[in-house]
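Q: structure for this input, please:
(one chain, ligands or ions: 1)
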Amino acid sequence: MVLNMIKDKNFQTYSTSDVVNYYQYLQQLQPAEETLIKLLRNQLSNMKMLDLGVGGGRTTKHFFPLVKDYIGVDYSSSMIEACQQRFSPYYPSIKLIVGDARKLSQFADNSFDLILFSFNGIDYISHEDRLKVLQEINRVGKSGAYFFFSSHNLQAIEQSFNWQSHLSLNIFKTYIDLVMFAFLRGFNGGISYQSIKENSYAILRDESHNFRLRTYYIRASEQIKQLEPIFNDIKVYSWKNGLELTTNHDRISCSDMWLYYLCRLQ
Ligand SMILES: C[S@@+](CC[C@H](N)C(=O)[O-])C[C@H]1O[C@@H](n2cnc3c(N)ncnc32)[C@H](O)[C@@H]1O
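A: Below you'll find the model as predicted:
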């Protein structure tokens, strides 16, 4: 595992000081996370929560005071150090530990009532590892536990791979958009618009953190299929306005760059 982590470019990026600094100063909940807090407001005070990929603690600030027990985990020790510096002075007993969502062997079976993997943390591992993470959540979560996470929306980035969609009457905008298109194609080994359209998920390099990350993008219909063998009551939310996308049409046409999913362990 240690060897894999050293070779992992995403792990390296999440251990880099400029990226750690960026997450250490994030404060606000995303609208879909506010929706979650409203939905669970009567249950949170009895819940044991696991915050996976806690990063610099953006969500710690909001969830720690609300739940019965809180543990934040990240595979980047630099993120955990930053998070400890941020919260230990105020909450000396806070549990923030280094750990990998793919192998949560430090936790017993049936331990948690709520598991969060916010701001697309699940998107920085391979497809096979993503399925392992879902199995680990199944193991460490209690029956009926909530799992809430977000993931990049392949539907939303599809048009960025279509050069024609970058043309407009504004020549300056067209120029900038075509330069970004060239970067996107260049960093992604020339992956074509056609191949994006034909796939239900893809690992792409997008502009976040200057194209340093390999990010998993998935269509909502495929994400639901991935969850169905393990979870019930699967719901999808717009990250931007926090509203539930209730119909297939809403989910397919939503152009949010990422979507939130709420589901419960069987
Ligand atoms: C986009 S950042 C989000 C950080 C924080 N949750 C937030 O919302 O600000 C993703 C985080 O997931 C962590 N991460 C990625 N893969 C992980 C894994 N396999 N196990 C644990 N943490 C992981 C990264 O180190 C990073 O801190």
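Q: in a strand, residue 92, correct?
A: No - with DSSP: H, G, I helix; E, B strand; the rest coil as the criterion, residue 92 is located in coil rather than a strand.
Q: identify the residues contacting residue 197.
A: Residue 197 sits next to residue 158 when contact means CB atoms under 8 Å, 6 or more residues apart in numbering. For the C-beta atoms, the positions are set from N, CA and C on the backbone; glycine is no exception.
Q: where does it land in three-state SS?
A: helix.
Q: for residue 84, same thing?
A: Residue 84 ends up helix, using three-state DSSP.
Q: state the distance from it to the ligand.
A: For residue 84, the distance to the ligand (CB to the nearest ligand atom, to the nearest Å) stands at 14 Å.
Q: number of residues surrounding that residue?
A: Each residue near residue 84 was counted by other CB atoms under 10 Å, and the total is 15.
Q: out of everything not next to it in sequence, what's closest to it?
A: Nearest residue to residue 84, sequence neighbours excluded (CB to CB, 6 or more residues apart in numbering): residue 96, at 5.3 Å.
Q: the one you found against residue 85, yeah?
A: No - the criterion here is CB atoms under 8 Å, and residue 96 misses it with residue 85 at 10.1 Å.
Q: ok, residue 236 touching residue 261?
A: Yes - the pair residue 236 / residue 261 is scored as a contact, 5.8 Å apart, by CB under 8 Å.
Q: intersection of neighbour lists for those two?
A: Joint contacts of residue 236 and residue 261 (CB under 8 Å, 6+ apart) are 223, 224.
Q: phi and psi next, for residue 265.
A: phi -70, psi 140 (degrees, to the nearest 10).
Q: cool, and residue 231?
A: phi -120, psi 150.
Q: please report how far it lies from residue 107.
A: 18 Å (CB to CB, to the nearest Å).
Q: look at these two and report which has more neighbours.
A: residue 231 (22 against 17).
Q: who has more neighbours, residue 96 and residue 85?
A: Between residue 96 and residue 85, counted using other CB under 10 Å, residue 96 has the larger neighbour count: 24 against 12.
Q: tell me the pLDDT of that one.
A: For residue 96, the model assigns a pLDDT of 98.
Q: ok, it to the ligand distance?
A: In terms of CB to the nearest ligand atom, residue 96 sits 12 Å off from the ligand.
Q: any chance you could map the strands in the chain?
A: 48-52, 69-74, 95-98, 112-117, 141-153, 201-204, 215-218, 231-238, 258-265 (DSSP state E).
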